[in-house]
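Undergrad: Would you be able to build a 3D model of this:
(chains A and B)
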Amino acid sequence: MHIADKFSKRPHDCGPLMLRYIFTRLGSFIPTFIGVTLISFMFIRVLPGDPIIVMAGERGMSEERYQEMVVKLGFDKPVIQQYWDYLTGVLQGDLGNSFVTKKPVWDEFFALFPATVELATCAMIFAIALGLPAGVIAAVNRGKFFDRALMSTALVGYSMPIFWWALLLIIVFSGNLGWTPVSGRLDLLYYFDDVTGFMLIDSVLSGQEGAFKSAVHHLVLPTIVLGTVPLAVIARQTRSAMLEVLGEDYIRTARAKGLSPTRINGVHALRNALIPVITVIGLSVGVLMGGAILTESIFSWPGIGKWMMDSIFRRDYPVVQGGLLLIAVIVMIVNLTVDLLYGVINPKIRKR
Amino acid sequence: MSLLRIRNLSVDFATASGQFRAVDGVDVTLEKGELLAIVGESGSGKSVSMLAVMGLLPWTATITADEMSFEGRDLTKITPRERRSIIGKDMAMIFQEPMSSLNPCFTVGFQIKEALRIHMGMDRATRNNRAVELFDQVGIPDAASRLNTFPHQMSGGMNQRVMIAMAIACNPKLLIADEPTTALDVTIQAQILDLLIRLRDEQDMGLVLITHDMGVVAETAERVSVQYAGQKVEEQPVKDLFRHPYHPYTSALLSALPERATSKILPTIPGVVPGQFDRPQGCLFSPRCQFADEKCAQTPPVPCGPEQGRALCHHVDAIEAGEMA
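TA: Below you'll find the predicted structure:
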């Protein structure tokens, strides 16, 4: 069933209402947006360390040159003035230039973004593909061995520090077994131009033998590391939502029709249980962005997570501010999409 | 061969505080095309005994029966797969709450066609035609476009019609209606009952009507089985039952009908159906019975003969003779 014809078939709960809802939600983005600019602006300036000193490196710089730089970067103005300049820039679509590379933050972001999207998407697919069925099976076998084993494993997965989990996997699978590479996105043997920025797609397009396999090998461990927490959350949420739905009258009706357990659980129950699951999936995207910073740093994955991490160490103010803002916007958009999905999954919710 | 034959059916639920017997030694027999009403207060085990027949009880329930057969097939011994090929096809059930008994995430058309696909193996076009035909049959106007609506977009009465259409989709031989009108407006109640009776006549199916409403029984049924606290206390043809109830519980139910009230104050039965912890030793109705004596409190009664409605009472003869006033 397509979203479009779902909204258009019935005149009383269709287009205009939906559009108004979207615009209301977009309107609520404005305060969040300004809040994020303010927080990211303050956050980086509260950190100890002077970007000019960091830029100068070990050789240091003369006092005159230092003052010159302070004026050039605008640090001589009052902080309020600096924030105002930054905010007006942002509203005009200018996130500033990196102190280190001198390139616009926008350009850097979009060059690195596909790598993060690729990793985050794989992690999410990994988490959903394992978490949903696991939660359903656990709910159906409530209280039995599988259920208990799965739920305690999920708790461990949820509580495990990401960096420690990553190191553990690297030691076992890269170090001891030698199955996967330790870092990067691709073996140095291969080289091809970016077409989409997604290594999995570009490697196939390049036609080079083994390139795709190499890309997959590099992806496996980061995907598992980044997907573990969402996997645990999704499995637990699916289980509890399923348990609630399985007690409903319409499940009894489905059984009275003589449907198979697979169909009852997988179609009739799961569809209803998806609402809370979709909610945590949406929220997990935020968690995923945070996790990406650690995961990318550990695996030297050239994405925005590593970029942010490096920029924090370099006190590269515009990059940290701009990166945080863009990540926040992405999380907001994902959550809006999730809200819209509710109505697609359960038409009853659309009535409001 | 009877359509449905149940001998000495008992259902126990495992609860946190021990075993609870919801159905206690119930017998039910139903012939093809017959209409049986099972009456009783809430908690008298009417629904549970029929859910046991359908195999829809939760895993906490233990079913024991000397015999429980449908068209000669032993329902206590069949595999889950065999059961699934019977329920929804030859044996169907509709429930009390039409609004919550339909899945809110799927169109009613999807839900009705689903049964047609798995049991009848019809192709898409045939299924669609049959669904429209069924909606017409149960009196849903504008059938073809109604197939695309969701349950929340229709009234309770319409949803119950959908439930009925779904239940009769595969021409069942037995239809169990579990309080099908309780959640509906009075005007709609009569329509739904008329519909059920009409379908029974048209398709010659056996119909079990579970209800707590004696008025519904009087209008529809042919044979009535009265249940109390999980036991069958009396069974008679409907006319005889209304003319001459043997069990004191049946008499009390009948005199609680507004139509039969002789004074301004409607007679009621004091107390409630006994639960897990206050189950009497002897006759289960004894704590609420105006005729109960020492014997009733101590010894469980045995059923009388068919000429006295198999009434489960020690004092049927004495009450009839007017000795127990």
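
Undergrad: how about the CA coordinates for stretch B:95-109, as CSV?
TA: Written as CSV, here are the backbone C-alpha positions of stretch B:95-109 (Å, rounded to 0.1, in the frame of the first residue of the first chain):
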residue,chain,number,x,y,z
PHE,B,95,-17.4,-12.1,19.7
GLN,B,96,-18.9,-9.5,22.1
GLU,B,97,-16.9,-6.4,21.2
PRO,B,98,-17.0,-5.8,17.4
MET,B,99,-14.9,-2.7,17.7
SER,B,100,-12.0,-4.4,19.4
SER,B,101,-12.4,-7.7,17.6
LEU,B,102,-11.3,-6.3,14.2
ASN,B,103,-7.7,-5.4,13.6
PRO,B,104,-7.4,-1.6,13.4
CYS,B,105,-4.5,-1.8,11.0
PHE,B,106,-6.2,-3.5,8.1
THR,B,107,-9.2,-2.8,6.0
VAL,B,108,-12.2,-4.9,6.6
GLY,B,109,-11.9,-6.2,3.1
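
Undergrad: Mind checking the pLDDT average for it?
TA: When pLDDT is averaged over stretch B:95-109, the result is 91.

Undergrad: again with stretch A:51-62
TA: Per-residue scores along stretch A:51-62 average to 80.

Undergrad: What residues of stretch B:235-249 count as buried?
TA: If you call a residue buried by 16 or more other CB atoms under 10 Å in any protein chain shown, then stretch B:235-249 has these buried ones: B:235, B:236, B:238, B:241, B:242, B:245, B:246, B:247, B:248, B:249. The C-beta positions use only the backbone N, C-alpha and C, and glycine is treated the same way.

Undergrad: so what's the residue in chain B positioned nearest to chain A closest to, chain neighbours aside?
TA: In chain B, the residue that lies nearest chain A is residue B:88 (3.2 Å; CB to the nearest CB). Residue nearest to residue B:88 in three dimensions, not counting chain neighbours: residue A:258, with 3.2 Å by CB to CB, 6 or more residues apart in numbering or on different chains.

Undergrad: Greatest separation within the buried residues of stretch B:235-249: which pair is it?
TA: B:238 and B:248 (19.0 Å; CB to CB).

Undergrad: if I look at the residue nearest to residue B:88, how far off is residue A:35?
TA: Look at residue A:258 and residue A:35: by CB to CB, to the nearest Å, they are 55 Å apart.

Undergrad: So for those two, which residue has more residues nearby?
TA: More crowded of residue A:258 and residue A:35, by other CB atoms under 10 Å in any protein chain shown: residue A:258, with 23 against 11.

Undergrad: Let me see the confidence value for that one.
TA: For residue A:258, the predicted pLDDT is 91.

Undergrad: Distance of it relative to residue B:114?
TA: Taking CB to CB as the criterion, residue A:258 is separated from residue B:114 by 10 Å.

Undergrad: Name the helix or strand for the residue of chain A found nearest chain B, please.
TA: In chain A, the residue that lies nearest chain B is residue A:258 (3.2 Å; CB to the nearest CB). For residue A:258, there is no enclosing helix or strand under DSSP states H and E.

Undergrad: do the same with residue A:143
TA: Using DSSP H and E, residue A:143 is not contained in any helix or strand.

Undergrad: Give me the neighbour count for it.
TA: 8.

Undergrad: mind checking how far it is from residue A:149?
TA: Distance from residue A:143 to residue A:149, by CB to CB: 12 Å.

Undergrad: just residue A:122 next, same as before
TA: Distance of residue A:122 to residue A:149, computed by CB to CB: 26 Å.

Undergrad: Check residue A:168 too.
TA: Taking CB to CB as the measure, residue A:168 falls 20 Å from residue A:149.

Undergrad: Same check on residue B:69?
TA: Distance from residue B:69 to residue A:149, by CB to CB: 41 Å.

Undergrad: Could you do residue B:219 as well?
TA: Here residue B:219 is placed at a distance of 56 Å from residue A:149 (CB to CB).

Undergrad: Of those two, which one has the most company?
TA: Between residue B:219 and residue A:149, counted using other CB under 10 Å, the more crowded position is residue B:219 (14 against 11).

Undergrad: which residues sit against the host helix or strand of that one?
TA: Assigning secondary structure by DSSP H and E places residue B:219 in helix B:214-220. Helix B:214-220 is contacted by residues B:35, B:37, B:39, B:181, B:189-190, B:193, B:196-197, B:209, B:211, B:224, B:238, B:242, B:253-254, B:256-257, B:259 when judged by CB atoms under 8 Å, 6 or more residues apart in numbering or on different chains.

Undergrad: Any buried residues in it, and which?
TA: Residues of helix B:214-220 classed as buried: B:214, B:216, B:217, B:218, B:220 (neighbour count, 16+ other CB under 10 Å).

Undergrad: Next one: the last one from residue B:210, what distance?
TA: Distance, residue B:220 to residue B:210, using CB to CB: 12 Å.

Undergrad: Need the overlap of contacts for these two.
TA: Residues touching both residue B:220 and residue B:210 (CB under 8 Å, 6+ apart) are residue B:37.
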